[in-house]
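Peer 1: coordinates only, sequence not included:
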């Protein structure tokens, strides 16, 4: 029997994206620790809304305290990052246990939110806003 040398094999990976944020989430069996960019969840996010969003996939599948979650996230703002982390964790949970698919999909956690910032058009002030037009 051959022993596994790599510690990376017991992790399950999931990638999440939201707006311009990208999150790479790794989960493994553990005690329920959530680490984001080498910081604890409560240190990284100050808003309860964002903390709730990150815990949502674990709460929905009733796996809080069963998995350790490690996330690297970059780009965008904190709310976009929270959305990306949510999708990353949900995808990793789905990969680790296919039976969780119904509860994750039912809560809308496996669907990527494709809304992006609209680009600024030339000759205008912004994406939709234009300069004031005067008739005379």
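Peer 2: Sure, I can see it. This one's a predicted model, so the numbers in the text were calculated from it and none came from an experiment.

Peer 1: mind listing the strands for this protein?
Peer 2: When assigned using DSSP state E, the strands of the chain occupy the ranges 12-18, 21-29, 34-36, 39-40, 67-74.

Peer 1: next up, the contacts around residue 118.
Peer 2: Listed by CB atoms under 8 Å, 6 or more residues apart in numbering, the contact partners of residue 118 are 127, 128. Backbone N, C-alpha and C define where each C-beta goes, glycine included.

Peer 1: ugh, wrong one, residue 14
Peer 2: Residues in contact with residue 14 (CB under 8 Å, 6+ apart) are 24-27, 87-95.

Peer 1: which pair in those has the greatest spatial separation?
Peer 2: When those are compared pair by pair using CB to CB, the two farthest from each other are 24 and 94, 15.4 Å apart.

Peer 1: what about those two, which has more around it?
Peer 2: Between residue 24 and residue 94, residue 94 has the larger neighbour count (other CB atoms under 10 Å), namely 20 against 17.

Peer 1: separation between the more buried one and residue 14?
Peer 2: Counting by CB to CB, to the nearest Å, the separation of residue 94 from residue 14 is 8 Å.

Peer 1: same list (the strands of the chain) but as CSV, adding distance to residue 100 and mean pLDDT.
Peer 2: Below are the strands of the chain laid out as CSV (distance: least, CB to CB, whole Å; pLDDT from 0 to 100):
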stretch, distance to residue 100, mean pLDDT
strand 12-18, 12, 96
strand 21-29, 12, 96
strand 34-36, 18, 96
strand 39-40, 25, 96
strand 67-74, 11, 96
